[in-house]
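Peer 1: Show me the folded form of this:
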Amino acid sequence: MAPHNTGKHATSESRRVPSQVRNDYNHLGVPGSLDLPLNDARRGRARRRVQARRRGGIPAWGKALLALGGGALAFGIVALVIGIIAFPPFFRNLEPRYQQRLIDMFPPLDALRPTVPFEVLPTLGGANDNLDAQQLLLTQDTTPLAETPDPNAPLASDDIATDSPTMTPTGDSGIPVGAVSTPEPTMLPTYVAPTQAIVDAGPGPTWTPNSAPTSVPLPAAFKLDGFRYEQQGWNNCGPTTMTMALSHFGWSENQYTAAAWMKPHSEDKNVSPWQMVRFVNENSGVKALYRYGGNTTLLKRLIAARFPVVIEESIQPAEEGWMGHYTLLIGYDDSQQHFLLYDSYLGSGQGQGKPHPYSIFDENWRHFNRVFMVIYEPSREMELREVLGDYVDPEFGYRVALETSRAEAAKNSADKWAWFNMGTSLVGLGDFDNAAIAFDQALDLGLPFRMLWYQFGPYEAYFKTGRFNDVMAYTNATLGTTKYVEETYYWQGMVLAAQGERSQALSKFDEALRYNKNFYPAQEAKAQVENGTFQVASASR
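Peer 2: Numbering: from 1, shown residues only. Down below sits the predicted model:
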């Protein structure tokens, strides 16, 4: 009997027939492969990928990426090497305020800060010997001081002194601003070399002032109010301190108004007292004066009489060397043994005044020959005269400073500050020969390298005594520490003008004016050279 036909065929009994239908699973030629009609492009890419995998190779785009990365790395290495070589000189050529900004952002850059070639000013050969200095300690002034004028009489002028403090103010009225008020400075006598017995006897008698300041008893403590504190900008203590003093009188401008006049170049390292006083007298509506040879009692009397006082003293911040600094005195307290001050760098004691102990005040102040400035309203001029007493005459201040420094040097012959102050006072009195001796002694004892950033008496003393080479040596030494002091170029110009080097002198005066267009000693000297009226200093030594 034939099997039942179900329409299906058993596989074992089916006959395999080649299929004409593509992708028919039952008719695949090779197990595991597909007979797909891929186009040539896709097939080529697939083949290359397979071949690349088999060979372990990198595709072209990978090679391009690696080449780009390698080039960038090489460029970076070259740039780093160039930076390591070129950045230090670039950094050192930046103005100091920009250097400091970078250091603040990245402190390790402090290692690149330019270093000064010396910590103390160099000593020149050929300076006067110690016998001259001993003789100077015994040189006494035999000329009496001029009497203090009657308070009701017309006063001397308030014209501003030049960079040379021996120029005489002239005019109709007003307390002298500074400088020596006598027409011709009285020269101190020069004595023969002292014997040993005289040296052992000490400096001898001193003169007595003609008129002491007012004898009204001082309160034990006093504080002025009505000041606006301002933190100084870069290298701006002078303009800031005077701005704070002027705020007592309603001055509303900030420190940069004063700086634009006193030191137009922001890197200018110094503003001298005469510049600060001149700014006040020409721009503020109130008056100011400066004197040397002050004392703490006089400062207290001025404060108690409600006169703001600005002083110049030394300061030595952490990790910094010796430098000059201005502060505003607003009060004092004898029970606490301190002055109260507004310090544009260190603060204001939350507006109550930062304490400055008496025990260290005078030591810092004497580094600048105890100079002080008084700011006052014109209507109170007669009151100020009563407080100042003989200090109304600037010459009196120089003589006080001279005798004080002589006493200090006699007590300690290695006191470099006493010798320098002696020189400054003698320059103020017009005795340039003896001033040069005192400055020689001070420099021999070693002064901070910044000393000639702020005080320029040695230049004037050496210039007026014909020691031109010494002026050039010290100005060049100063330029090795900073180029931002216009007085350096001014005194080089003076030497070159005295030597008849007209074009070079004019170039130096222009350089001084480039850093401070308002530095009028350079303006005047330049005009004299251009007009052929410049007078050569006498070489008396």
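
Peer 1: Break the protein into its domains for me.
Peer 2: The chain resolves into domains spanning 60-112, 130-453, 454-541 when parsed by automatic domain parsing.

Peer 1: Nearest to Pro122 among these would be which one?
Peer 2: domain 454-541 (5.7 Å; Cβ to Cβ). Yep, even glycine has a C-beta here, placed from its N, CA and C like the rest.

Peer 1: for the stretch 51-200 of the chain, which spans come out with low pLDDT?
Peer 2: 51-57, 83, 86-95, 97-101, 103, 106, 109-120, 124-129, 139-173, 179-200 (pLDDT under 70).

Peer 1: want to try a markdown table for the domains of the chain, with distance to Thr123 and mean neighbour count as columns?
Peer 2: Output for these, formatted as a markdown table (distance: least, Cβ to Cβ, whole Å; neighbours: other Cβ atoms under 10 Å):
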| stretch | distance to Thr123 | mean neighbour count |
| --- | --- | --- |
| domain 60-112 | 27 | 11 |
| domain 130-453 | 5 | 19 |
| domain 454-541 | 10 | 19 |
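
Peer 1: can you tell which of the ones you listed is closest to Leu121?
Peer 2: domain 130-453 (4.9 Å).

Peer 1: weakest of the domains of the chain by average pLDDT?
Peer 2: The minimum mean pLDDT among those belongs to domain 60-112 (a mean of 73).

Peer 1: one step back: any chance of the domains of the chain in JSON lines with distance to Pro122 as columns?
Peer 2: Conversion of the domains of the chain to JSON lines gives the following (distance: least, Cβ to Cβ, whole Å):
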{"stretch": "domain 60-112", "distance to Pro122": "22"}
{"stretch": "domain 130-453", "distance to Pro122": "8"}
{"stretch": "domain 454-541", "distance to Pro122": "6"}
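
Peer 1: can you give me the strands for the stretch 401-541 of the chain?
Peer 2: Using DSSP state E, counting those that start in this stretch, no strands are found in the stretch 401-541 of the chain.

Peer 1: same check, this time on the stretch 201-350 of the chain
Peer 2: 221-223, 287-291, 309-315, 323-333, 338-342.

Peer 1: Of all the ones you listed, which one comes closest to Glu486?
Peer 2: Of all the strands of the stretch 201-350 of the chain, strand 323-333 sits nearest to Glu486, with 15.5 Å by Cβ to Cβ.

Peer 1: Indicate each strand paired with the closest one and its parallel or antiparallel sense.
Peer 2: strand 221-223 (antiparallel), strand 309-315 (antiparallel), strand 338-342 (antiparallel) (DSSP bridges).

Peer 1: Output the longest one as CSV, restricted to C-alpha atoms.
Peer 2: Looking back up the chat, that one is strand 309-315. Output of strand 309-315 as CSV, limited to C-alpha atoms (Å, rounded to 0.1, in the frame of the first residue of the first chain):
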residue,chain,number,x,y,z
VAL,A,309,52.0,117.0,61.1
VAL,A,310,53.6,114.8,58.4
ILE,A,311,57.1,113.3,59.1
GLU,A,312,59.5,111.2,57.0
GLU,A,313,61.0,108.2,58.8
SER,A,314,62.6,104.9,57.9
ILE,A,315,60.7,101.6,57.7
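
Peer 1: quick check: angle from it to strand 287-291?
Peer 2: Using axes from the mean of the first three to the mean of the last three Cα atoms, to 10 degrees, one finds that strand 309-315 and strand 287-291 are set 40 degrees apart in direction.

Peer 1: from memory Phe463 sits against Trp491, does it?
Peer 2: Yes. Counting by Cβ atoms under 8 Å, Trp491 is a contact partner of Phe463 at 6.6 Å.

Peer 1: Overlap of the contact sets of these two?
Peer 2: Val471 (Cβ atoms under 8 Å, 6 or more residues apart in numbering).

Peer 1: What separation do you get for Val81 and Ala74?
Peer 2: 11 Å (Cβ to Cβ, to the nearest Å).

Peer 1: between the two, what contacts are shared?
Peer 2: Common neighbours of Val81 and Ala74 (Cβ under 8 Å, 6+ apart) do not exist.

Peer 1: what's the closest of the strands paired with strand 323-333 to Phe368?
Peer 2: Closest among these, using Cβ to Cβ: strand 309-315, at 4.3 Å.

Peer 1: longest helix in this structure, by residue count?
Peer 2: When the chain is parsed with DSSP state H, its longest helix is helix 60-92.

Peer 1: what packs against that helix?
Peer 2: helix 96-105 (3 or more Cβ pairs under 8 Å, 6 or more residues apart in numbering; DSSP states H and E).

Peer 1: try 10 Å
Peer 2: helix 40-55, helix 96-105 (3 or more Cβ pairs under 10 Å, 6 or more residues apart in numbering; DSSP states H and E).

Peer 1: CA atoms only for stretch 376-386, dumped as CSV, please.
Peer 2: C-alpha atoms of stretch 376-386 as CSV (Å, rounded to 0.1, in the frame of the first residue of the first chain):
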residue,chain,number,x,y,z
TYR,A,376,47.7,124.9,58.3
GLU,A,377,45.0,127.3,57.3
PRO,A,378,46.3,130.7,56.3
SER,A,379,44.1,132.4,58.9
ARG,A,380,45.9,130.5,61.7
GLU,A,381,49.4,131.6,60.6
MET,A,382,50.0,133.7,63.7
GLU,A,383,49.0,130.8,66.0
LEU,A,384,51.5,128.6,64.2
ARG,A,385,54.2,131.1,64.7
GLU,A,386,53.6,131.0,68.4
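
Peer 1: What residues does Glu313 make contact with?
Peer 2: By Cβ atoms under 10 Å, 6 or more residues apart in numbering, the contact list for Glu313 reads 324-327, 341, 356, 360-368, 370-371.

Peer 1: distance of it from Met105?
Peer 2: Distance, Glu313 to Met105, by Cβ to Cβ: 32 Å.

Peer 1: Just the CA atoms of stretch 325-338, as PDB, please.
Peer 2: Provided in PDB are the C-alpha atoms of stretch 325-338 (Å, rounded to 0.1, in the frame of the first residue of the first chain):
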ATOM      1  CA  HIS A 325      58.300 106.300  54.400                       C
ATOM      2  CA  TYR A 326      55.900 109.200  55.200                       C
ATOM      3  CA  THR A 327      53.300 109.100  58.000                       C
ATOM      4  CA  LEU A 328      50.700 111.400  59.400                       C
ATOM      5  CA  LEU A 329      50.700 112.200  63.100                       C
ATOM      6  CA  ILE A 330      47.200 112.800  64.500                       C
ATOM      7  CA  GLY A 331      47.800 112.400  68.200                       C
ATOM      8  CA  TYR A 332      49.900 111.200  71.200                       C
ATOM      9  CA  ASP A 333      49.400 109.600  74.600                       C
ATOM     10  CA  ASP A 334      52.100 110.000  77.200                       C
ATOM     11  CA  SER A 335      50.500 107.400  79.500                       C
ATOM     12  CA  GLN A 336      50.800 104.900  76.700                       C
ATOM     13  CA  GLN A 337      54.100 106.300  75.600                       C
ATOM     14  CA  HIS A 338      53.200 106.500  71.900                       C
END
